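1. Kindly return the folded structure for what I paste below:
(chains A and B)
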2 protein chains.
Amino acid sequence: MSRVLIKNADVITLDGPDEVLRGTDIAIADGIIEAVGTAPADFVPDEVLDATDQVVMPGFFNAHTHAPMTLVRGWAEDLPLDRWFNERIWVAESALTEEDVYWGAALAAAEMIRSGTVGFADHYFWMDRVAEVVEQSGLRATLAWCVFGLGAEQEIGGTTLEMTVDFVQRWQGAGDGRIRTVLGPHSPYVCPADFLARVAEKAAELGVGVHLHVAESKEQVENSLGQHGRTPIAHLAHLGIFDVPAIAAHSIYVNDEDLSILAAKGVSVASCTGCYMKLGMGVPRLPEMLSRGINVALGTDGTASNNNLDMLEEARLAALMHKNAHQDPQLLPGDLVLRLATQNSARAMGFPRSGVIAPGYAADLVVFDFHQPHLRPRHNLIANVIYAAQAGDIRHLMVAGRWLMRDRELLTLDEERIMYEAERRAWRMVGEELHVVREYKG
Amino acid sequence: MSRVLIKNADVITLDGPDEVLRGTDIAIADGIIEAVGTAPADFVPDEVLDATDQVVMPGFFNAHTHAPMTLVRGWAEDLPLDRWFNERIWVAESALTEEDVYWGAALAAAEMIRSGTVGFADHYFWMDRVAEVVEQSGLRATLAWCVFGLGAEQEIGGTTLEMTVDFVQRWQGAGDGRIRTVLGPHSPYVCPADFLARVAEKAAELGVGVHLHVAESKEQVENSLGQHGRTPIAHLAHLGIFDVPAIAAHSIYVNDEDLSILAAKGVSVASCTGCYMKLGMGVPRLPEMLSRGINVALGTDGTASNNNLDMLEEARLAALMHKNAHQDPQLLPGDLVLRLATQNSARAMGFPRSGVIAPGYAADLVVFDFHQPHLRPRHNLIANVIYAAQAGDIRHLMVAGRWLMRDRELLTLDEERIMYEAERRAWRMVGEELHVVREYKG
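-> Numbering: from 1, shown residues only, chains lettered A, B, ... in the order given. Sure, this is the predicted structure:
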């Protein structure tokens, strides 16, 4: 693998608190950061990137999404959650094909790379096709094949737990370790209890984690108390789901005991602020989770409810929403929310050596072009990134020492073909007339 | 003036509700939109823009900002409002010079054009220098010279009401009508009552409006009730301030009677969601203002509290914050918030013939490049703009029929020199050591 020297960068390391290094070099070998500051005397780079006027930062990890849902971006607007599901999303998904999943995930991968994401935790169907996209794109991912546990005829694609177990085994560690797999039961409000207990057993046996939806609404909590005598979190703990590494997406409606369970069991919470705001779902207890040492990660959720995969916006929204909800501008400062969107999310996904610019960490990083009026003056680089930058200011992106984007050009994906195929399939799925389809010229 | 034909655009007109025209032409002559749909048979353009795969929309109007404060972007982070003012902003502003105002406003103008803003309502000091920037940049603006009414030694630059009156007269209608001026008393919590009454009289005499800060905190309301026996809104109405066209920025803490006054007096409220969230200031009563027919406009406020001048983000935050505050995803739909950020803000600023793509309106518009993965598929162009696009997706910007940006190149401003001068001055103002200053190469 190649040796890269990034020269004269301003670096937001996310290592020490608020640490920013000015005019610094970064030496990268075999996908790992070898030195930050001055390259070793014997370091002979294959490639040098002059990063004058640019800011290097760890790349983002998106800890909860459904990548192929790019196909229904904008298809369910300004609706309450039930109508959003029943009248739009589940209607469109009924027309989903395995091939659609590939192209939807490819469109997502292109968008993620352009917006600074180096890894994503995906939860969807026909996940072999998503894994193919991950392999081709060069991204990292932690993949879960979603299963309801309701019997074949109620599952998309007739999914069974066994199929998702096969998927886990087929792909674990693929792409030189960039691909990780976990089990993906949908949620405690959809999956039967005995099914969840089987999932927990199976995950422990396989030595993998789980990724599921939890406590998205007050109604879900009330129903859980009525049916199981326990909150969703306590119910899952009781069934053994939290005895393996878990991503509990959302966890909006939690009580103090739930927080104790999440902390004691080392569960990662993936919080998706943009989605909660857009669908009016409320404000999760993030400050309390953080003060209890819970690993809070950030995710975008799917583009049907966000409507993008922009993790910089997600980090910004997390800071803004919680500051205002508590009327305390000192909550969730910039440095902290960037950690949630990078190293905390990476940890949730099983990539503990990502999310920091320091020797020994994976070279998973982005380079922001700061030679722009909205990023001047440079009093505070962290504030400029979290509150003033746009995802489109990211000029280069590297995963495991390999450039996936250089000078805003995608190096691993055929973006023209992807945009064409994805849009064509998206229109077919929702039964619209085709609009502006032109001949593919890629 | 030149005649421009924009061909084959998808157009968000903001005219009829949710109106989107696909593959449409727009004919522009003498700064005015002449036709939308098919150009008149005798229309001979000087220039044709092929807008295939692009989306045309009215440009944004920023109804409340302090443009020269770009110089203190990132200089006051994660602080409560009092410390934000006393320890940071007012310290930095004490070192402000007239020349700084020019370069700070120029930096703001470059950022605004790049992010789709065609006009801004500014409220600051040494406003002749801001007016020069407006004249040079080709933007529209409604300018107010801020005055406290506390006597020369407590005013920045020794401002008096008379100086601000002279400014109003000097610049009213300049730049072919692109520049409008109003009086700019700071606020009812800083300005003495008799001074505000004089301002109201003077504005009426001059036939101009006013622009001021109102009701930003509960404490301001309590203090006003204690000192004047009236809420800030009622106090201003009593003093005659609302007998002229007024922009009442913020108006966060208002009671039902205040809302009745704002509606009856035709006051425009400029709401700055990003600032409120970042400083933890609360949630204004926007849905109720809208249902009472109050002209709600949007603004970014200054970059010390936002930290950018991105009106697309501002519109998105308004939708998201209010949906979640009321846990109602149907509140403030996309089409509506885009109207607030365009035509409502334009109306507040005295440009009632802007903010709509329809014959007879000013050609103040932006062109989004939709040939990008995060803007596909195109199920719903309005949703894609409000929830998925970035300001940097704007490729061209036109004011009064003249391109200020083409293919992301600024045509009226020397951006390199502006970035260099503004940053140099910003660092001097805050007394920092200079960091990465290099020789100017513009």
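2. Just give the nearest non-adjacent residue to residue A:273, would you?
-> Once flanking residues are discounted, residue A:273 sits nearest to residue A:317: 4.2 Å by C-beta to C-beta, 6 or more residues apart in numbering or on different chains. Backbone N, C-alpha and C define where each C-beta goes, glycine included.
3. Repeat that for residue A:206.
-> residue A:168 (5.9 Å).
4. Confirm the residue nearest to residue A:273 sits in a helix?
-> Yes: assigned with DSSP: H, G, I helix; E, B strand; the rest coil, residue A:317 falls within a helix.
5. Confirm for me that residue A:204 is in contact with residue A:239.
-> No: Residue A:204 lies out of contact with residue A:239 (C-beta atoms under 8 Å); the separation is 11.9 Å.
6. For those two, work out which one has more neighbours and name it.
-> residue A:239 (23 against 14; other C-beta atoms under 10 Å in any protein chain shown).
7. Tell me who's in contact with the more buried one.
-> Counting by C-beta atoms under 8 Å, 6 or more residues apart in numbering or on different chains, residue A:239 makes contact with A:193, A:196, A:197, A:200.
8. How about residue A:362: which residues does it bridge to?
-> residue A:32 (DSSP bridges).
9. Tell me which residues touch it, please.
-> A:31, A:32, A:33, A:351, A:353, A:354, A:400, A:401.
10. What distance do you get for the third one to residue B:318?
-> In this structure, residue A:33 and residue B:318 are separated by 41 Å, where distance is defined by C-beta to C-beta, to the nearest Å.
11. Repeat that for the first one.
-> Between residue A:31 and residue B:318 the distance, using C-beta to C-beta, works out to 43 Å.
12. Any stretches of the stretch 101-250 of chain A with poor pLDDT?
-> The stretch 101-250 of chain A contains no residues with pLDDT under 70.
13. now the residue nearest the centre of chain A, nearest residue through space, not along the chain?
-> The residue lying closest to the centre of chain A (C-alpha atoms, centre = their mean) is residue A:62, at 1.5 Å. Leaving aside its sequence neighbours, residue A:62 sits nearest to residue A:120 (C-beta to C-beta, 6+ apart; 4.1 Å).
14. how about the residues of the stretch 51-200 of chain A near chain B?
-> Within the stretch 51-200 of chain A, the positions adjacent to chain B are A:52-53, A:70-75, A:77-81, A:84, A:107, A:110-111, A:114-115 by C-beta under 8 Å from any C-beta of the partner chain.
15. and those residues, which are buried?
-> Among those, the ones that count as buried by 16 or more other C-beta atoms under 10 Å in any protein chain shown are A:53, A:70-75, A:77-79, A:81, A:84, A:107, A:110-111, A:114-115.
16. re the thing from before, got the contact list for the residue nearest to residue A:273?
-> By C-beta under 8 Å, 6+ apart, the neighbours of residue A:317 are A:273, A:274, A:277, B:320.
17. Restricted to helices, list the residues you listed.
-> A:273, A:274, A:277, B:320 (DSSP state H).
18. and residue A:203, backbone torsions?
-> Residue A:203 adopts backbone torsions of phi -60, psi -40, taken as degrees, to the nearest 10.
19. how long is stretch A:358-378 end to end?
-> 22 Å (C-alpha to C-alpha, to the nearest Å).
20. now that stretch, how far from the centre of its chain.
-> Relative to the centre of its chain, stretch A:358-378 is centred 20 Å away, using C-alpha atoms, centre = their mean, to the nearest Å.
21. now residue A:4: how far from chain B?
-> Residue A:4 is 22 Å from chain B, where distance means C-beta to the nearest C-beta, to the nearest Å.
22. just residue A:179 next, same as before
-> Distance from residue A:179 to chain B, by C-beta to the nearest C-beta: 21 Å.
23. Phi, psi for that residue please.
-> phi -100, psi 130.
24. Does it touch residue A:135 like I think?
-> Yes: counting by C-beta under 8 Å, residue A:179 touches residue A:135, with 6.9 Å between them.
25. more neighbours, those two?
-> Ranked by neighbour count (other C-beta under 10 Å), residue A:179 and residue A:135 place residue A:179 first, with 20 against 17.
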